[in-house]
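[1] Coordinates only, no sequence provided:
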C-alpha cells in the first residue's frame, strides 16, 4: 500500500512539476485532506513524493517550453531551452533526469547518516535553542525573499498572529476566535494554504495568462552520450553536495540551491561565457542541486522538528495531523516513519526515472493542456478538498478569504511562504519562549548565555543588519541572470 | 494607492491585535501571559507597515500627479470567480453539490471562453457528474441539498 502512495505522490508531483501555474506547496495543500484518511506513513510518503517528484517534472517545461514548471527549475530554462533549440532536447531531458536521480540518491545517503547523528545532538536542545533556531529559520526565509524584505517581515508577522488564533493551551484563554467554536482549535492550515497558494494562483493566472510556445521538435536520444556524461558528471556531483547542504539550512531550499549551483558552475567553468547558450553543465548542476536540496530539507524537519521552508511546513502539519511530532524523539519513538520515508524515497527516485524518460511523450502532451481547462479542476479540487475536512462551509469561506488575501498580497508584493512558515512555527516559538522564561525566572539573557541559542540569534541579528544594507550588497535570489 | 491601502489595512489589523493582546494579558517575564506573543507580532507588523505608509506618502508627495492608471478591466475575471465561489459557499449545503457545482463550472469555463456556450454546458455537466462519482468513490461526504440529488 505504501508503494501505491509513493507512486501516486511522485506521479502527481511530476504532473504538477510539468504544469506551470500550481506548485508543489499548492498541490500538497489541495491533497492535504486526502491524506487524513491515510495511515501516517502513507500520507507522508505521498506528500514527500509530490515534493521531490515536482523537482523532476519542473525541468520538462523548462527545457521544452522555456517556462519553469517549478521555482526550482528557473535556472534550467537558461541552458535547457537553448539546448532544445539546438536539437538537443533529448540529452537535456536525459541528463536532467539522471542527474536528479544521482543527486536524490546521494542526498538520501546523506539524510540516512546525518539525521540520526543530528538527532543525538538535538536531544540536548532546550527551549532556548528551539526558540532561537526557529527565529533563525524564519529570518533566513525572510532574508532571501525575492521582493521586499520589509514586506516579507510583515508577512511573517501576520503568520505569527494567525497562529495564535484559538485556545491558548497554557492558560485556556480563547484568543481572537470571535466566539466561533470552529476557531477554538485555531484556523486550519489547509484552508489557509489552499487559499494562499491554490486559489490565489488561479486568480493571478486568470488576470494575466502566461503563454509559452511548445518547441516543435522530435525528442530523441534521451540517453546521454559518453561525452555528455564526461561534461556533466562533476557538475552533478557538485550540485548534489551543494544542494544537500543548502537544503539543510532553515530557510534554504531547492530554489536557492539551484541559483548558487549555477553561479558556481559558471564561475569555475573554463568557458563561462558559454553559459546561457546551451551548455549541459548549466542543466546538470541546477537539476542535481534541486534534488539534493529536496533530501537535505528533510534533515531539520526530522531531527529538530523545524520545517525549513513552506513545503516542509506542509509536511510538518501533515505529521501533526496524524499525531506525530517531528523532532529528535520521533526517531526513537516512531522509527518506522523515518526509515519508511527514506526507503520510499529510494523507490520513488527509481519510479521517477521510469516516469520521466520512457514516458516523456506523455508529459509533452500534458504541457499542451491550456490553463483554461486546468483551473476549474484546481478550483473544484480545492473546494471539495477543504470541505471534506470537517464538512464545514466556514472552511470553504476561510479558504476563499485567504485566496483573495493571497491574490492581493501578490499584487502588493507580499510573499506567502514567510506567512505559512511563521504560521507553522508560531505555536512552537511561543511555547519555547514561555518555557525559556520560566526556566530562567524571567531572565531574557538565557538566550545569550547558552552557546547554540546565542549563535542562532546572532546569525538572525546579522541577517537583519545585512538586510538594511543597500540592495546590491545583499544576496538576493536573482529573478533574471 | 495600493501600497497605501495595504499599509493602512495592516496598521488597523495590528492595532486591533495589539488591543486584544492587552485584554488577554501579557503577564510578567516570569509568567508570560496569553497576549505576549500576539502583542510582539502586532508591534512588528505595526512598525513596519507604518514605515511603509510613511515612505509611500513621501514618495507620492515627490511625484505628485504621477499616479498609476487603474486598469480595472483586467480584474473582471478574478472578480467573477471570487463572486462565483462566494455564491457557491452560500448555496452548497442548501441546494446540494451537483446542483451548485454545475453552474459554478459553467461560470469558470465561460470566464475564459464566453462564446462557446454549448460546449461549456456539456463539459460542465460531464465534469460535475464525473467529479461527484469520483468523490463518492473516495467516500467524501458531499451535501445533497433540499432536492436530495445525489443521494
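    Arrived safely, thanks for sending. The structure displayed is predicted, hence computed values, not measured ones.

[2] CA only for contacts and neighbour counts going forward, please
    Will do.

[3] And the strands in the stretch 201-350 of chain A?
    Read by DSSP state E, counting those that start in this stretch, the stretch 201-350 of chain A holds no strands at all.

[4] Which residues are in contact with residue A:228?
    A:91, A:95, A:280 (Cα atoms under 8 Å, 6 or more residues apart in numbering or on different chains).

[5] Could you grab the helix/strand/coil label for residue 53?
    All of this is about chain A. At residue A:53 the chain is in helix, as set by DSSP: H, G, I helix; E, B strand; the rest coil.

[6] right idea, wrong chain: chain B
    Here residue B:53 is recorded as helix under three-state DSSP.

[7] Pick the one among the contacts of residue A:228 closest to residue B:62.
    Nearest to residue B:62 among these is residue A:280, at 49.1 Å by Cα to Cα.

[8] Just the closest of the contacts of residue A:228 to residue A:404, please.
    Residue A:404 has its nearest neighbour among the contacts of residue A:228 in residue A:95, at 40.2 Å by Cα to Cα.

[9] What is the neighbour count of that closest one?
    Other residues near residue A:95 come to 27 when the count uses other Cα atoms under 10 Å in any protein chain shown.

[10] That one is in what secondary structure piece?
    Here residue A:95, judged by DSSP states H and E, is contained in helix A:89-122.

[11] Could you pull out the buried residues of that helix?
    Within helix A:89-122, the residues scored as buried using 16 or more other Cα atoms under 10 Å in any protein chain shown are A:89-108, A:110-112, A:115-116, A:118-119, A:122.

[12] Regarding the residue sitting furthest away from the middle of chain B, what is its secondary structure?
    Distance from the C-alpha centroid of chain B, by Cα atoms, centre = their mean, peaks at residue B:30 (39.9 Å). Taking three-state DSSP as the rule, one finds residue B:30 in the coil state.

[13] So it is in contact with residue A:437, correct?
    Yes - contact criterion Cα atoms under 8 Å: residue B:30 and residue A:437 qualify, at 5.9 Å.

[14] list residues touching both of those two?
    residue A:443.

[15] Spit out the contact partners of residue 115.
    Because you didn't say which chain, this covers chain A. By Cα under 8 Å, 6+ apart, the residues touching residue A:115 are A:299, A:302, A:303.

[16] which ones among those come in contact with chain B?
    The subset of those within reach of chain B, by Cα under 8 Å from any Cα of the partner chain, is empty.

[17] related to what we said a few turns ago, not counting residues beside it along the chain, what's closest to the residue farthest from the centre of chain B?
    Of all residues not flanking residue B:30 in the chain, residue A:442 sits nearest, at 3.9 Å (Cα to Cα, 6 or more residues apart in numbering or on different chains).

[18] Tell me the secondary structure at the one you found.
    At residue A:442 the chain is in coil, as set by three-state DSSP.

[19] Check which helices and strands the host helix or strand of residue A:465 is in contact with.
    For residue A:465, the host element (DSSP H and E) is helix A:451-467. The helices and strands touching helix A:451-467, judged by 3 or more Cα pairs under 8 Å, 6 or more residues apart in numbering or on different chains; DSSP states H and E, are helix A:127-143, helix A:446-449.

[20] where does the chain dip in pLDDT?
    Answering for chain A, as no chain was given. Along chain A, segments meeting pLDDT under 70 span A:20-23, A:67-72, A:144-147, A:209-222, A:250-253, A:367, A:468-481.

[21] meant chain B, my bad for not saying
    In chain B (pLDDT under 70), the answer is B:63-72, B:149-151.

[22] Helices along that one, start to end?
    For chain B, the helices defined by DSSP state H cover B:2-24, B:36-62, B:76-95, B:97-112, B:117-137.

[23] Counting by contacts, list what the longest one packs against.
    In other words, helix B:36-62. Going by 3+ Cα pairs under 8 Å, 6+ apart, helix B:36-62 lies up against helix A:149-163, helix B:2-24.

[24] right, so those: which one is the most enclosed?
    Ranked by mean neighbour count under mean count of other Cα atoms under 10 Å in any protein chain shown, these are led by helix A:149-163, which reaches a mean of 25.

[25] now that one and helix B:36-62, what's the angle there?
    If you take axes from the mean of the first three to the mean of the last three Cα atoms, to 10 degrees, helix A:149-163 sits at 150 degrees to helix B:36-62.

[26] Name the nearest residue to residue A:337, sequence neighbours excluded.
    residue A:41 (5.6 Å).

[27] Would you map out the domains in chain B?
    B:2-62, B:72-137 (automatic domain parsing).

[28] Contacts only, for the closest residue to residue B:10 other than its chain neighbours.
    In space, and not counting its chain neighbours, residue B:10 is closest to residue B:49: 6.3 Å by Cα to Cα, 6+ apart. Counting by Cα under 8 Å, 6+ apart, residue B:49 makes contact with A:154, B:7, B:8, B:10, B:11.

[29] tell me the contacts of the first one?
    If a contact means Cα under 8 Å, 6+ apart, then residue A:154 has B:44, B:45, B:48, B:49 as its contacts.

[30] change it to 6 Å
    If you count contacts by Cα atoms under 6 Å, 6 or more residues apart in numbering or on different chains, residue A:154 has them with residue B:45.

[31] next one: the last one
    If you count contacts by Cα under 6 Å, 6+ apart, residue B:11 has them with residue B:46.

[32] any idea how far residue B:43 is from it?
    Residue B:11 sits at a distance of 10 Å from residue B:43 (criterion: Cα to Cα, to the nearest Å).

[33] Check the second one too.
    Here residue B:7 is placed at a distance of 14 Å from residue B:43 (Cα to Cα).

[34] repeat for the third one
    Counting by Cα to Cα, the gap between residue B:8 and residue B:43 amounts to 14 Å.

[35] now the first one
    To residue B:43, residue A:154 is 10 Å away according to Cα to Cα.

[36] before we move on, the earlier item: thought the residue nearest to residue B:30 was touching residue B:28?
    No - in this structure residue A:442 lies outside contact range of residue B:28 using Cα atoms under 6 Å: 7.6 Å.

[37] okay, the two: which has more neighbours?
    residue A:442 (17 against 11).

[38] mind pulling up the phi and psi values for the more buried one?
    phi 90, psi 10 (degrees, to the nearest 10).

[39] Looking at the helices and strands packed on helix B:36-62, which is nearest to residue B:127?
    helix A:149-163 (35.6 Å).

[40] Spell out which residues of the stretch 101-250 of chain A are next to chain B.
    A:154, A:157, A:161, A:203, A:207 (Cα under 6 Å from any Cα of the partner chain).

[41] By proximity to chain B, which residue of chain A wins?
    As assessed by Cα to the nearest Cα, chain B sits closest to residue A:442 within chain A, at 3.9 Å.

[42] so how far is stretch A:151-159 from its chain's centroid?
    In terms of Cα atoms, centre = their mean, to the nearest Å, the centre of stretch A:151-159 is set 18 Å apart from its chain centre.

[43] do stretch A:447-464 as well
    On Cα atoms, centre = their mean, the centre of stretch A:447-464 falls 25 Å from that of its chain.

[44] Show me the contact partners of it.
    A:128, A:129, A:132, A:133, A:136, A:139.

[45] Can you give me the buried ones in that stretch?
    A:447, A:448, A:452, A:453, A:454, A:455, A:456, A:457, A:459, A:460, A:463, A:464.
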